[in-house]
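Trainee: Any chance you can model this:
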Amino acid sequence: MDGPPALALGVDPARLNSMNEAPRKPDNRILSLRRLGNLFTYGLTMAIGTLGVLIYDLQLNDANHATSLAFTTFVLFQVFNAFNARAEKGSAFNRHFFANKALWSSIVGVVLLQITIVQWSATETIFHTTALSTMDWLRVSPHRC
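Mentor: Now for the predicted structure:
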């Protein structure tokens, strides 16, 4: 993930007991097969989800609406991908969940920018988007994940 949330992950609190783990051997790959598999799975999930929303909505609405909905879906996938990046081992829902104020500020900023790009008529012209209905936002919201 690029951009502010990825940078904010750099100030995440250290994992509990991370200093008790043996260091990585110098000849070990940073991106192990397991990590690459996880990245591939996350990417494939986001691609299928985003393209699925696009294809489905093209059957019901015009191209601007379908691409706006798919764009929003992809952005929200990336927001939640930040939490995948936080916790390679264990759950991201731990006692440090709200500890990184920079991450939460970035996430709020990204979501507000997305709303602005899609909902504000001045940016609709620039980005070729169209306003989404409340039902559209509910369709792509996290409760569906």
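
Trainee: tell me what the helix or strand containing Leu69 is packed against?
Mentor: Leu69 is part of helix 63-86, with elements assigned from DSSP states H and E. Using 3 or more C-beta pairs under 8 Å, 6 or more residues apart in numbering; DSSP states H and E as the contact definition, the elements that helix 63-86 packs against are helix 4-8, helix 33-60, helix 101-119, helix 134-140. No exception for glycine: its C-beta is placed from N, CA and C like everyone else's.

Trainee: Taking helix 33-60 as reference, get the angle to it.
Mentor: For helix 63-86 against helix 33-60, the angle by axes from the mean of the first three to the mean of the last three C-alpha atoms, to 10 degrees is 160 degrees.

Trainee: Go ahead and measure how far helix 63-86 is from the middle of the chain.
Mentor: Offset of helix 63-86 from its chain centre (C-alpha atoms, centre = their mean, to the nearest Å): 6 Å.

Trainee: buried stuff in that helix?
Mentor: Residues 65-79, 81-83, 85-86 are the ones in helix 63-86 that count as buried (16 or more other C-beta atoms under 10 Å).

Trainee: again with stretch 132-144
Mentor: Neighbour counts using 16+ other C-beta under 10 Å place Leu132, Asp136, Arg139, Val140 of stretch 132-144 among the buried residues.

Trainee: one step back: can you redo the helices and strands packed on helix 63-86 as TSV with mean pLDDT and distance to Thr125?
Mentor: Below are the helices and strands packed on helix 63-86 laid out as TSV (pLDDT from 0 to 100; distance: least, C-beta to C-beta, whole Å):
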stretch	mean pLDDT	distance to Thr125
helix 4-8	54	25
helix 33-60	92	21
helix 101-119	89	11
helix 134-140	88	19
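
Trainee: Of all these, which one is nearest Asn20?
Mentor: Distance to Asn20, taken as C-beta to C-beta, is lowest for helix 33-60 among the helices and strands packed on helix 63-86, at 20.4 Å.

Trainee: how much distance is there from the closest one to the middle of the chain?
Mentor: With C-alpha atoms, centre = their mean as the basis, helix 33-60 stands 12 Å off its chain's centre.

Trainee: In terms of secondary structure, what does it contact?
Mentor: For helix 33-60, the packing partners by 3+ C-beta pairs under 8 Å, 6+ apart are helix 63-86.

Trainee: what's the model's confidence in the helix it packs on, averaged?
Mentor: The pLDDT scores in helix 63-86 average 88.
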